[in-house]
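Asks: this one's structure only:
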Ligand SMILES: O=P(O)(O)OC[C@@]1(O)O[C@H](CO)[C@@H](O)[C@@H]1O
């Protein structure tokens, strides 16, 4: 039957109003429209449909390599079961299966995961759940493949890749170690103002080194040649001056003022880490300067409890870096002086750890699907802990996505608005996001940011994922105010 309905009202052009009101925001409904895997031609789609299956395929290859080197039957059998579970996960991913609860494998985050799935993602699948959650969920399921095993619970499928990339970064590693092996000290005869100026210049250059150190993120650079890696990691002064123009939202001058004001007493600075290997090494060079110059008396590094988004830092990666610097033979064709510079640097960093000047931490919240808008509610202990810091530096793209709820906020949106409670809750610390832009969300570009983004969309398609551009954004927070929980 065919109805002719010519007298009904015409369809309305319904306009949703963004940002959503705070009470209607939840993990399935971010403040601005979510990125979802089914948005064909988006980076979310490319990641969910292509990058993640490729990453999983490579991870399976890694486990097979380990299996082929194993001799004990019980270990072999147990590892074969891990591979079966990984195969199932890959099938689920490719079939866009529904997101099931995480098996209770004794990890500290099981309840957080399953609560979020039950409350917001019942019936959702890998493609129609928000990209950030679906992607994080995949890494949690990968963890489960091993955590339910008897003998392979701590196995890291990405460990080989992380070590390889660092060992291919020799030029940049020695460029920095030979410059920073001697503890920081001022030239003779400088006035107080000249000393401060020298510290400011050093701080600004090291901030850029720490920022661009993030360019070599393994999950994106699967097929890079050594030459390409070298050019990305170039740490020379000229290169840094040229790259500053690629920082599209740049609060570095204010960042220096914040850090400078800590000088009298020496502050506490926290790094929420991103990638292992070269990026972590750059973070440590930066943190070393903060300690040496007296700007910080304590640096806390926050890493992941288990392998995460391919290259994120775990405690094992942290230990590996420091021990390789002191004892390793990673780099062929190096001079004795270069080896010694790296060893001295490694020894100094280990000493900081012994003295409690550097502390490595791994709160379970960092490996959940929640964005940092929920940190205050879902990890109050962590919020309280961060609120006592003088400055929390979030490294990299993923942390930036989590700070900003990974949604389509206009590029002109103020960073403080985009990060919600992490800026507005009482006691929120000062926050800085050091991020090379590698995915869709872009905020903090200033009043003309929307036009700038439109221009780049037209002239340089792919500018949001190339890692060529960056932001250094600061939120003042509400430090010193009493933290309150409802
Ligand atoms: O956080 P990082 O290392 O800077 O970048 C991580 C990344 O490569 O992987 C994610 C997509 O899979 C994105 O957040 C980003 O593109």
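Replies: Okay, I see it. This one's a predicted model, so the numbers in the text were calculated from it and none came from an experiment.
Asks: Quick one: residues contacting residue 326.
Replies: Residue 326 sits next to 343, 346-347, 350 when contact means C-beta atoms under 8 Å, 6 or more residues apart in numbering. C-beta coordinates here come from the backbone N, C-alpha and C atoms, glycine included.
Asks: so which of those comes closest to residue 13?
Replies: Proximity of the contacts of residue 326 to residue 13 (C-beta to C-beta) peaks at residue 346, which lies at 62.1 Å.
Asks: Please identify the helix or strand for the closest one.
Replies: Per DSSP states H and E: residue 346 is located in helix 336-355.
Asks: Please name every helix or strand in contact with that helix.
Replies: Counting contacts by 3 or more C-beta pairs under 8 Å, 6 or more residues apart in numbering; DSSP states H and E, the secondary-structure elements packed against helix 336-355 are helix 170-180, helix 278-292, helix 315-327, strand 358-361.
Asks: for these, which one ends up most surrounded?
Replies: Burial of these is given as mean neighbour count (mean count of other C-beta atoms under 10 Å); helix 278-292 ranks first at a mean of 24.
Asks: which other helices and strands contact it?
Replies: If contacts are counted by 3+ C-beta pairs under 8 Å, 6+ apart, helix 278-292 sits against helix 159-167, helix 170-180, helix 192-212, strand 267-272, strand 296-302, helix 315-327, helix 336-355.
Asks: Out of the contacts of residue 326, who's the most crowded?
Replies: Ranked by neighbour count (other C-beta atoms under 10 Å), these have residue 346 at the top, with 20 neighbours.
Asks: Not counting its neighbours along the chain, what's nearest that residue?
Replies: Closest residue to residue 346 in three dimensions, ignoring its sequence neighbours and counting by C-beta to C-beta, 6 or more residues apart in numbering: residue 325, at 3.0 Å.
Asks: and what of residue 204?
Replies: With C-beta to C-beta, 6+ apart, the residue lying closest to residue 204 is residue 252, at 5.9 Å.
Asks: Then residue 251?
Replies: The spatial neighbour of residue 251 that comes closest, neighbours along the chain excluded (C-beta to C-beta, 6+ apart), is residue 474 at 4.0 Å.
Asks: For the one you found, grab phi and psi.
Replies: The phi and psi torsions at residue 474 (degrees, to the nearest 10) take the values phi -120, psi 140.
Asks: Quick check, it in contact with residue 258.
Replies: Yes - using C-beta atoms under 8 Å as the test, residue 474 is close enough to residue 258 to be in contact (7.1 Å).
Asks: Residue numbers of this protein in contact with the ligand?
Replies: Proximity of the chain to the ligand (C-beta under 6 Å from any ligand atom) is limited to residues 47, 135, 214, 217, 219-220, 274-275, 309, 311, 396-398, 401, 438-439.
Asks: For residue 130, name its beta-bridge partners.
Replies: For residue 130, the beta-bridge partners are residue 36 (DSSP bridges).
Asks: Pull the number of nearby residues for it.
Replies: Other residues within reach of residue 130 by the criterion other C-beta under 10 Å amount to 26.
Asks: can you check residue 351 too?
Replies: In terms of burial, residue 351 registers 11 neighbours under the definition other C-beta under 10 Å.
Asks: What pLDDT does the model give it?
Replies: pLDDT, the model's per-residue confidence, is 98 for residue 351.
Asks: Could you shift the numbering so residue one becomes 602, and keep it that way?
Replies: Taking 602 as the first residue, the last one we looked at is residue 952.
Asks: Now tell me what touches the strand or helix carrying residue 985 from outside.
Replies: Take DSSP H and E as the rule and residue 985 turns out to sit in helix 981-988. Where contact means C-beta under 8 Å, 6+ apart, the residues beyond helix 981-988 that reach it are 871, 964, 966, 976-977, 993, 1026, 1028-1030, 1080, 1084, 1086.
Asks: how big is the angle separating that helix from strand 897-903?
Replies: When axes from the mean of the first three to the mean of the last three C-alpha atoms, to 10 degrees is applied, the directions of helix 981-988 and strand 897-903 differ by 150 degrees.
Asks: Tell me which strands the helix or strand following helix 981-988 pairs with, and in which orientation.
Replies: Taking DSSP H and E as the definition, the helix or strand that follows helix 981-988 towards the C-terminus is strand 992-996. On the basis of DSSP bridges, the sheet neighbours of strand 992-996 come out as strand 868-873 (parallel), strand 1032-1037 (parallel).
Asks: Any stretches of the stretch 752-901 of the chain with poor pLDDT?
Replies: In the predicted model, the stretch 752-901 of the chain carries pLDDT under 70 at residues 817-841.
Asks: how about 80 then?
Replies: When residues are selected by pLDDT under 80, those of the stretch 752-901 of the chain lie in 816-844.
Asks: A helix includes residue 642, no?
Replies: No - if the criterion is DSSP: H, G, I helix; E, B strand; the rest coil, then residue 642 is coil and not within a helix.
Asks: Over to it: give its phi and psi.
Replies: Its backbone dihedrals place residue 642 at phi 70, psi 0, with angles given as degrees, to the nearest 10.
Asks: okay, now it: neighbour count?
Replies: By the criterion of other C-beta under 10 Å, residue 642 has 7 neighbours.
Asks: Give me the domain ranges for the chain.
Replies: By the record's domain assignment, the chain is partitioned as 623-749, 763-1076 (the TED database).
Asks: Of all residues in this structure, which one is nearest the centre?
Replies: Centre of the chain computed as the mean C-alpha position; nearest residue by C-alpha atoms, centre = their mean is residue 875, 3.5 Å away.
Asks: Let me know whether that residue touches residue 918 as I believe.
Replies: No - the pair residue 875 / residue 918 is not scored as a contact, 11.4 Å apart, by C-beta under 8 Å.
Asks: that older thread, contacting residues around the residue nearest to residue 805?
Replies: So residue 853 contacts 805, 808, 1073 (C-beta under 8 Å, 6+ apart).
Asks: any idea how far it lies from residue 810?
Replies: According to C-beta to C-beta, to the nearest Å, residue 853 and residue 810 sit 12 Å apart.
Asks: can I get the domains of the chain in a markdown table with distance to residue 612?
Replies: Rendered in a markdown table, the data for the domains of the chain read as follows (distance: least, C-beta to C-beta, whole Å):
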| stretch | distance to residue 612 |
| --- | --- |
| domain 623-749 | 20 |
| domain 763-1076 | 24 |
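Asks: returning to that earlier point: give me the subset of the residues of the chain next to the ligand lying in helices.
Replies: With DSSP state H as the criterion, helices contain 736, 997-999, 1002 from among the residues of the chain next to the ligand.
Asks: coming back round to it: out of the contacts of residue 853, which are buried?
Replies: For these, a burial check counting by 16 or more other C-beta atoms under 10 Å picks out 808, 1073.
Asks: List just the nearest of the contacts of residue 853 to the ligand.
Replies: Ranking these by separation from the ligand, with C-beta to the nearest ligand atom as the measure, puts residue 1073 on top at 14.0 Å.
Asks: The closest one sits in which helix or strand?
Replies: According to DSSP H and E, residue 1073 maps onto strand 1071-1076.
Asks: what packs against that strand?
Replies: Packing contacts for strand 1071-1076, counted by 3+ C-beta pairs under 8 Å, 6+ apart, involve helix 793-813, strand 848-851, helix 853-861, helix 1016-1019, strand 1032-1037.
Asks: Relative to residue 607, which of the ones you listed is closest?
Replies: If we rank the helices and strands packed on strand 1071-1076 by C-beta to C-beta, the stretch that ends up nearest is helix 1016-1019, at 45.8 Å.
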